[in-house]
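> no sequence on this one, just coordinates:
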């Protein structure tokens with residue numbers, strides 16, 4: 001249990017040596033957790049500006065109301081998914097095994113190559129051509145299919161109005 005911890009001038013690092021059966025963190029800011037392994041479950045609630053570095057085993061994690069979090073792990077060692085609820089600014093830093101049996105947190109942090117991917121802030125579910133479609137969206141994503149369609153329709157309608165006003169105003173237009 002890590003509760004109400006805060007780094008003041010710099011990030012506070014908390015090291016969890018050995019295998020923890022469960023991990024829970026709440027109401028923390030500017031904190032880095034470095035864990036050798038978490039076996040069964042992990043949860044983070046109402047935290048901001050945190051880093052989670054989890055070596056060896058990484059179970060299913062739930063993040064709720066977390067703002068700005070970097071998660072470093074080996075995807076080959078994950079036993080479950082990462083569920084996010086009301087979170088923003090989450091990023092996964094994935095380090096692949098590349099022949100190693102397992103990676104400890106120091107290996108993960110020192111890895112020269114990491115695959116970095118943002119976790120979507122929003123998922124939009126809608127009906128599109130008689131099918132239910134879910135789209136992952138970040139806070140600064142490009143427009144989705146519907147937005148692009150209506151933007152193009154809007155510009156076509158605007159162009160048609162402009163041309164029709166030119167024809168009405170100047171009858172000799174070709």
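Structure's in. What do you need? Bear in mind the structure is a predicted one, so any value in this text is a computation, not a measurement.

> gap between the two ends of stretch 76-92?
With Cα to Cα, to the nearest Å as the measure, stretch 76-92 spans 14 Å from end to end.

> Can you give me the buried ones in that stretch?
77-78, 82, 84, 87-90, 92 (16 or more other Cβ atoms under 10 Å). For the C-beta atoms, the positions are set from N, CA and C on the backbone; glycine is no exception.

> okay, those in CSV with secondary structure and distance to residue 106 next?
Output for the buried residues of stretch 76-92, formatted as CSV (DSSP: H, G, I helix; E, B strand; the rest coil; distance: Cβ to Cβ, whole Å):
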residue, secondary structure, distance to residue 106
77, helix, 15
78, strand, 19
82, strand, 22
84, strand, 27
87, coil, 27
88, strand, 29
89, strand, 25
90, strand, 23
92, strand, 19
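
> Adding distance to residue 124 and pLDDT, write those out as a markdown table.
Output for the buried residues of stretch 76-92, formatted as a markdown table (distance: Cβ to Cβ, whole Å; pLDDT from 0 to 100):
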| residue | distance to residue 124 | pLDDT |
| --- | --- | --- |
| 77 | 31 | 84 |
| 78 | 26 | 85 |
| 82 | 19 | 88 |
| 84 | 15 | 89 |
| 87 | 16 | 91 |
| 88 | 15 | 91 |
| 89 | 18 | 92 |
| 90 | 17 | 92 |
| 92 | 21 | 91 |
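
> Determine which two of those residues are furthest apart.
Longest distance between any two of those is 26.0 Å, between 77 and 88; criterion Cβ to Cβ.

> before we move on, back to that, how about the buried residues of stretch 76-92 in a markdown table, adding distance to residue 121?
Shown next, in a markdown table, are the buried residues of stretch 76-92 (distance: Cβ to Cβ, whole Å):
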| residue | distance to residue 121 |
| --- | --- |
| 77 | 26 |
| 78 | 21 |
| 82 | 14 |
| 84 | 9 |
| 87 | 7 |
| 88 | 5 |
| 89 | 8 |
| 90 | 8 |
| 92 | 14 |
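
> Nearest to residue 47 among the residues you listed?
Closest to residue 47, out of all of those and judged by Cβ to Cβ, is residue 87, at 9.7 Å.

> How about that closest one: what's its closest non-neighbour residue?
residue 66 (4.5 Å; Cβ to Cβ, 6 or more residues apart in numbering).

> neighbours around the one you found, how many?
Using other Cβ atoms under 10 Å, residue 66 has 26 neighbouring residues.

> got a list of what it touches?
Counting by Cβ atoms under 8 Å, 6 or more residues apart in numbering, residue 66 touches 44-48, 50, 84, 87, 90.
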